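> the following block contains a protein sequence and its predicted model.
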Amino acid sequence: MMPRPVLGLVGLVALIPLILVAALWGGLIRIGWPWPVLSPTLIISHGALMIAGVLGTLISLERAVALKAAWTFAPPVLSGLGAVAMILRATDGPGLVLITLGSLALVGVFATIVHQHRAPYTVTMALGAVAWAIGNVLWLVGQPLSVAVLWWVAFLVLTIAGERLELSRVLRLTPARTRAFGLTIAVLLAGLVVAVLAFDLGMRLTGLGYVLLAAWLGLNDIARRTIKGAGLTRYIAACLLVGYAWLGVGGLFALVYGGVRSGPPYDAILHSILLGFVFSMILGHAPIIAPALLRIAIPYDRSLYAPLVLLSLSLVVRLAGDVLEASDLRRWGGLLNALVLLLFLGNLIRLARRGTVKREALKRPG
């Protein structure tokens with residue numbers, strides 16, 4: 001029988017794909033597919049479910065597993081329950097409150113981490129948690145959702161940037177390159193603050209921060225070396241480099257379009273970063289994160305490349321629809337995006353089952 005803590009962990013991880021499916025369903029209705037509206041709040045809370053319910057829960061859960069302290073599981077539990085509440089109730093009700101509490105708890109987790117080990121990468125990830133909490137509080141007090149979303153996206157970008165900075169230590173970055181990283185983060189944070197008062201200027205400044213960060217990561221990340229490797233190492237590097245390119249594209253869209261709050265240009269800015277950058281990172285790290293969370297083997301297989309390639313191709317279709325204001329193209333691109341994510345999830349489950357069967361076979365005597 002599984003121990004209760006492990007059973008609870010499995011249950012929390014199993015909740016994430018369910019939230020993902022609900023978020024995708026609401027997003028596809030929002031983009032124009034005339035499907036049954038299972039819950040009106042799915043359409044309104046699509047972004048919150050994806051960023052907080054799926055990604056926020058996953059990031060905070062990964063941190064809790066690494067720290068192995070019971071109280072650190074508060075953030076993923078709160079954000080996961082908040083997402084469920086959002087699916088079942090109004091977005092401005094208990095769901096948002098629970099997610100806000102979860103983000104504040106994550107700030108507490110990172111405060112502990114920074115206290116134990118203060119370094120540029122831990123501070124960067126802590127700033128990401130703070131950005132998530134600020135975005136939630138801004139939405140809670142009635143600020144426009146577009147402002148809150150800008151802070152939410154920064155949460156994901158800063159978290160990933162901090163993790164990559166940590167892994168880049170093996171390259172022994174020069175002080176000048178480390179200062180350059182700090183400057184890009186400062187530009188990004190300045191854009192977020194300015195956006196609260198002057199959204200157009202803040203969006204453009206944030207976009208500049210993303211362009212600078214994409215360039216820094218592309219030039220300084222260890223992926224530039226590991227792309228020459230083989231197997232899983234090369235696959236991860238490919239995901240990273242593709243993601244950095246999409247982060248730059250999203251930043252350029254923000255610079256060009258400025259303070260748009262809805263419509264195709266807004267869609268182009270957000271999904272270049274959230275799908276192109278963030279999910280490329282997830283595709284690359286899933287074979288490492290899943291075994292760490294669930295203690296299951298994910299063997300490398302060349303089929304992992306299929307979702308990476310198809311995600312970028314489907315995103316090109318969607319963005320072409322945004323730029324050309326071709327609603328049909330945009331709608332089909334969005335559907336393909338969702339199908340690629342489900343394909344990736346299904347393939348991951350298939351590989352996990354293969355890894356489990358192989359491990360059990362090795363345990364058998366003779």
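Nice, I can see it. Note that the coordinates shown come from a computational prediction; the quantities given were computed from them, not determined experimentally. Numbers count the residues shown, from 1 in each chain.

> use CA for all of it now, contacts and neighbours both
Noted.

> give me the mean pLDDT for whichever helix or strand residue 314 is part of.
The secondary structure element spanning residue 314 is helix 305-324 (assigned by DSSP states H and E). Helix 305-324 comes out with an average pLDDT of 96.

> what does stretch 67-85 give?
91.

> check stretch 348-366 too.
When pLDDT is averaged over stretch 348-366, the result is 63.

> buried set for the helix holding residue 314?
Going by neighbour count (16 or more other C-alpha atoms under 10 Å), the buried part of helix 305-324 is 305, 307-308, 310-312, 314-322.

> closest one to residue 280 out of those residues, please.
Using C-alpha to C-alpha, residue 308 is the member of those that lies nearest residue 280, at 6.7 Å.

> list the residues that contact that closest one.
By C-alpha atoms under 8 Å, 6 or more residues apart in numbering, the residues touching residue 308 are 239, 280, 283.

> cool, and residue 156?
In this structure, residue 156 makes contact with 55, 128, 278, judged by C-alpha under 8 Å, 6+ apart.

> mark which of the residues you listed are part of helices, please.
With helices identified by DSSP state H, the entries of the contacts of residue 156 that belong to them are residue 128.

> so which of the contacts of residue 156 comes closest to residue 104?
For these, the residue nearest residue 104 by C-alpha to C-alpha is residue 128; the value is 11.5 Å.

> could you find the closest non-adjacent residue to the closest one?
residue 155 (4.0 Å; C-alpha to C-alpha, 6 or more residues apart in numbering).

> and the helix or strand encompassing the one you found, C-alpha only, in CSV?
Residue 155 belongs to helix 145-167 when elements are defined using DSSP H and E. In CSV, the C-alpha atoms belonging to helix 145-167 read as follows (Å, rounded to 0.1, in the frame of the first residue of the first chain):
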residue,chain,number,x,y,z
LEU,A,145,-6.8,41.5,-16.0
SER,A,146,-4.3,42.5,-18.7
VAL,A,147,-2.1,44.1,-16.0
ALA,A,148,-2.3,41.0,-13.8
VAL,A,149,-1.4,38.7,-16.7
LEU,A,150,1.7,40.7,-17.4
TRP,A,151,2.9,39.9,-13.8
TRP,A,152,1.8,36.3,-14.1
VAL,A,153,3.9,35.8,-17.3
ALA,A,154,6.9,37.4,-15.6
PHE,A,155,6.5,34.8,-12.8
LEU,A,156,7.1,32.0,-15.3
VAL,A,157,9.9,33.8,-17.2
LEU,A,158,11.8,34.8,-14.1
THR,A,159,11.5,31.3,-12.6
ILE,A,160,12.9,29.7,-15.8
ALA,A,161,15.6,32.3,-16.1
GLY,A,162,16.7,31.7,-12.5
GLU,A,163,16.8,28.0,-13.1
ARG,A,164,18.9,28.4,-16.2
LEU,A,165,21.2,30.8,-14.5
GLU,A,166,21.8,28.2,-11.8
LEU,A,167,22.8,25.6,-14.4
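
> report the distance from that helix to the chain centre.
8 Å (C-alpha atoms, centre = their mean, to the nearest Å).

> ok, stretch 251-267 next?
Centroid displacement of stretch 251-267 relative to its chain, using C-alpha atoms, centre = their mean, is 19 Å.

> buried stuff in that stretch?
Along stretch 251-267, these residues count as buried under the neighbour rule (16+ other C-alpha under 10 Å): 251-255, 257-260, 264-267.
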